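Colleague: have a look; sequence and predicted model below, questions after that.
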Amino acid sequence: MPVEAKSFPDLTEKNVRFTHTNTPLAGIPWTLLGCALTATSFLFSKLLGQNNHLSAIEINLYRSIVVCFLLASYAMFTGKTFRSIHIKEHWLRSTTGWGAAILQMYALNSLVPLPIIQMLSYTNPIFFVLIIRFWYKEPIALKIWGGVILGFLGTVILLNPRGLAADHSLMYLFAALGSGLLTALTHINIQGLTHRGEPIWRIVCYYSLISIVYDSFWFALPFNYLQGIHTTAGMLLGTGLGIFILFGQISMATAYSKGNPSITTIFSYSHLIYATLFSLLIFNQGINFVSSIGILIIVCGGLLTMGIKRSRLKPRVLNL
């Protein structure tokens, strides 16, 4: 029997009640913590790839094993069940999420400064609007289209072939941009699963498990082999990558549940501050003025798209 579709809650309206908090600012500390943890996981991924010469798929395999182990341990100790009746939906969510992660880690393995890769990976609000308009056939307000246009212009600036791309391959930049597109699809799929009653831990656990299957299949093919991690530092980075990305996701989910989503989204761009600091202090890489303008324009575009109303959208998993 098909599940009856309910409307997405309109998180931009004042009449939405947040039962877990007494103040809309309660999510800010969780947001800052989540962004710090996520930016650190980006750093670990970049260091793991460059120092150990690992491919994006191998890095994702190690990360997925750590996350799956932690969540499976949590489920067993708390008596949670892994059983789900939404296997197809989990598979679709995991497929888009796996693709986004692989493209993101592939881009991180390049010499492109960390803030630029992270910003292009976070263009998902722009793609989200386009999916809502052309897939769900929902009308989009003029202000939202303004955000899309700003995001597009900022992206063009970051991809400027006379600027950064003159020194680095456009291939990595487009990989990061593709990660943003697949992340938008993943967010829609996650919304569909949560509206079907699936808890976040199970969604992430299935995603990690299916990612392990995809990664293992890749290395089962001829001419693909695991490089392996042969240093203590590499093992610590691989373990830390899984731990930091998991708790970063938990922190961000807590932030959106405890605070006003619009305020939380604004502070979620603090990941750029952490990424810039890491880039300067660890890699001695700065970003030029033109790239800084592009990042600022994308941030403004993303903030404008926050006003999109989801009250009429069906909470279904996006079938590809």
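Modeller: All right, it came through fine.
Colleague: spell out the secondary structure type for residue 128.
Modeller: Here residue 128 is recorded as helix under DSSP: H, G, I helix; E, B strand; the rest coil.
Colleague: hmm, it is touching residue 186, no?
Modeller: No - applying Cβ atoms under 8 Å as the test, residue 128 and residue 186 come out as separate, 10.4 Å apart. Every C-beta, even on glycine, is put in place using the N, C-alpha and C of the backbone.
Colleague: wait, what's in contact with the closest residue to residue 127 other than its chain neighbours?
Modeller: Distances taken as Cβ to Cβ, 6 or more residues apart in numbering place residue 184 nearest to residue 127, at 3.8 Å, with adjacent residues excluded. Residue 184 sits next to 124-128, 131 when contact means Cβ atoms under 8 Å, 6 or more residues apart in numbering.
Colleague: and residue 150, by the same measure?
Modeller: So residue 150 contacts 297-298, 300-301, 304 (Cβ under 8 Å, 6+ apart).
Colleague: any chance of the contacts of residue 184 in CSV with distance to residue 172, pLDDT and neighbour count as columns?
Modeller: Compiled in CSV, the contacts of residue 184 are given as follows (distance: Cβ to Cβ, whole Å; pLDDT from 0 to 100; neighbours: other Cβ atoms under 10 Å):
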residue, distance to residue 172, pLDDT, neighbour count
124, 18, 80, 22
125, 22, 77, 25
126, 19, 80, 25
127, 19, 86, 21
128, 23, 81, 22
131, 24, 85, 17
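Colleague: go through those residues and name the one nearest residue 202.
Modeller: For these, the residue nearest residue 202 by Cβ to Cβ is residue 124; the value is 22.3 Å.
Colleague: which one of the contacts of residue 150 has the most neighbours?
Modeller: residue 298 (28 neighbours; other Cβ atoms under 10 Å).
Colleague: give me the element that one is part of.
Modeller: Using DSSP states H and E, the element containing residue 298 is helix 289-304.
Colleague: cool, residue 246 as well?
Modeller: Here residue 246 is assigned to helix 232-258, by DSSP H and E.
Colleague: check contacts around residue 220.
Modeller: Going by Cβ under 8 Å, 6+ apart, the list of residues near residue 220 is empty.
Colleague: report the separation between it and residue 105.
Modeller: Taking Cβ to Cβ, to the nearest Å as the measure, residue 220 and residue 105 are separated by 20 Å.
Colleague: same question for residue 214.
Modeller: 13 Å.
Colleague: who has more neighbours, the two?
Modeller: residue 105 (26 against 17).
Colleague: leaving out sequence neighbours, find the closest residue to that one.
Modeller: Counting by Cβ to Cβ, 6+ apart, the residue nearest residue 105 is residue 56, at 3.8 Å.
Colleague: can you tell me how far residue 122 is from residue 294?
Modeller: 13 Å.
Colleague: now residue 126
Modeller: 13 Å.
Colleague: joint contacts of those two?
Modeller: What both residue 126 and residue 294 touch, as defined by Cβ under 8 Å, 6+ apart, is the set residue 155.
Colleague: OK, contacts around the spatially most central residue of the chain?
Modeller: Nearest residue to the geometric centre of the chain (Cα atoms, centre = their mean): residue 183, 5.6 Å. Shown in contact with residue 183 (Cβ under 8 Å, 6+ apart): 96-97, 100, 121-122, 124, 127.
Colleague: tell me the first helix or strand C-terminal of the lowest-mean-pLDDT helix or strand in the chain.
Modeller: When the helices and strands of the chain are scored by mean pLDDT, DSSP states H and E, helix 261-268 comes last with a mean of 68. Once the chain leaves helix 261-268, the next helix or strand it forms, by DSSP H and E, is helix 271-281.
Colleague: show me what that next one is packed up against.
Modeller: helix 28-52, helix 114-121 (3 or more Cβ pairs under 8 Å, 6 or more residues apart in numbering; DSSP states H and E).
Colleague: please work out which residues outside the shortest one touch it.
Modeller: Meaning helix 114-121. Under Cβ under 8 Å, 6+ apart, the answer for helix 114-121 is 39, 42-43, 46, 100, 104, 107-108, 110, 155, 158, 164, 172-173, 176-177, 179-180, 183, 271-272, 275-276, 278-279, 283, 285, 287, 291, 294-295, 298-299.
Colleague: now the angle from it to helix 289-304?
Modeller: Note on geometry: by axes from the mean of the first three to the mean of the last three Cα atoms, to 10 degrees, helix 114-121 and helix 289-304 are set 40 degrees apart in direction.
Colleague: and the pLDDT at residue 219?
Modeller: Residue 219 carries a pLDDT value of 92.
Colleague: was I right about it contacting residue 213?
Modeller: No - under the criterion of Cβ under 8 Å, residue 219 makes no contact with residue 213, lying 11.3 Å away.
Colleague: flag the shaky bits of the chain, pLDDT-wise.
Modeller: Along the chain, segments meeting pLDDT under 70 span 1-24, 160-169, 257, 259-266, 305-320.
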